[in-house]
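# sequence below, structure please.
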Amino acid sequence: SPAWRVIAADFVTLTSGTQFQNTSTYGDVTFSDDINSTAAAGDNNTDLGITATNGTVSLKNIGTGADDAVDSGDDRPVNDLTVSGRTVLLAGNIQTEDNAAGDPGTIGITATDETVIMANITIDSEEATAAGTAGDVTFNGQVNSDSDTARTLRIVTDAGTDAGITFNDAVGRRSPLGTL
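Purely as a prediction, here's the structure:
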């Protein structure tokens with residue numbers, strides 16, 4: 001089996017309405033820079049799915065705009081985010097947004113080995129300047145801090161309508177988080 005790698009070393013911008021699915025069966029998928037939508041907050045129908053079936057998915061900021069901060073005014077969130085891989089490495093903030101049709105911005109992260117929090121991050125399922133419907137945030141597989149530092153994982157699912165947060169496996173079993 002060849003070890004394919006998908007690497008995006010510069011900003012990735014998804015045009016409004018894009019349904020982007022990237023799948024690598026045998027290799028890794030790495031986004032070494034930010035992923036943003038072109039849609040303004042409050043009117044986003046861009047979905048993003050990333051799969052590395054037998055590999056590692058590495059992500060930086062998603063939907064945070066140019067300043068990499070959540071709820072900062074220049075946000076460009078995606079609508080739905082689905083990430084799956086043997087290992088998922090999260091090294092940046094994630095922000096999703098419901099679309100104008102009321103489809104909440106859900107976040108689903110599945111790792112057959114573990115999801116590793118590589119920095120202090122915030123995951124927000126409804127961009128705060130738009131009081132729409134927050135989406136559920138679900139982690140399937142263990143969630144651990146990187147081995148060097150106990151990281152903070154802040155999850156926000158409140159807006160005009162609140163949503164749920166689900167961990168379907170242990171949190172901090174291998175390496176504890178600092179704050180959850």
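
# so how far is A101 from I109?
Between I109 and A101 the distance, using C-beta to C-beta, to the nearest Å, works out to 24 Å. Every C-beta, even on glycine, is put in place using the N, C-alpha and C of the backbone.

# of those two, which one has the most company?
I109 (23 against 8; other C-beta atoms under 10 Å).

# the bottom helix or strand of the chain by mean pLDDT?
For the chain, the helix or strand with the lowest mean confidence is strand 5-8, at a mean of 47 (criterion: mean pLDDT, DSSP states H and E).

# please list all residues in contact with the residue nearest the centre of the chain.
Against the mean C-alpha coordinate of the chain, by C-alpha atoms, centre = their mean, the closest residue is I94 at 4.7 Å. Residues in contact with I94 (C-beta atoms under 8 Å, 6 or more residues apart in numbering) are 59, 61-64, 81, 107, 121-124.

# which pair in the residues you listed spans the largest distance?
Longest distance between any two of the contacts of I94 is 14.9 Å, between L59 and D124; criterion C-beta to C-beta.

# which one of the two has more residues nearby?
A count of neighbours by other C-beta under 10 Å puts D124 above the other of L59 and D124, at 28 against 24.

# what score does the closest residue to the more buried one other than its chain neighbours have for pLDDT?
The shortest distance from D124 to any residue that is not its chain neighbour, by C-beta to C-beta, 6 or more residues apart in numbering, is 4.3 Å, and that residue is V156. Turning to V156, the model gives it a pLDDT of 88.

# pLDDT weak spots in this protein?
Using pLDDT under 70 as the threshold, the predicted model of the chain has low-confidence ranges 1-25, 39-44, 66-75, 100, 127-131, 159-161.

# repeat that for 90
For the chain, the stretches with pLDDT under 90 are 1-55, 61-80, 95-105, 124-135, 147-149, 156-164, 179-180.

# re earlier: scan the contacts of I94 and report the most crowded one.
Comparing those by number of neighbours (other C-beta under 10 Å), G63 comes first, having 30 neighbours.

# spit out the contact partners of that one.
G63 is in contact with 35-37, 75-78, 94-97, 127, counting by C-beta under 8 Å, 6+ apart.

# turn the residues you listed into CSV, columns for distance to L177 and secondary structure.
Supplementary listing: the contacts of G63 in CSV, determined by distance: C-beta to C-beta, whole Å; DSSP: H, G, I helix; E, B strand; the rest coil:
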residue, distance to L177, secondary structure
I35, 24, strand
N36, 26, strand
S37, 28, strand
D75, 25, coil
R76, 27, coil
P77, 24, coil
V78, 25, strand
I94, 16, strand
Q95, 20, strand
T96, 21, strand
E97, 25, coil
E127, 24, coil
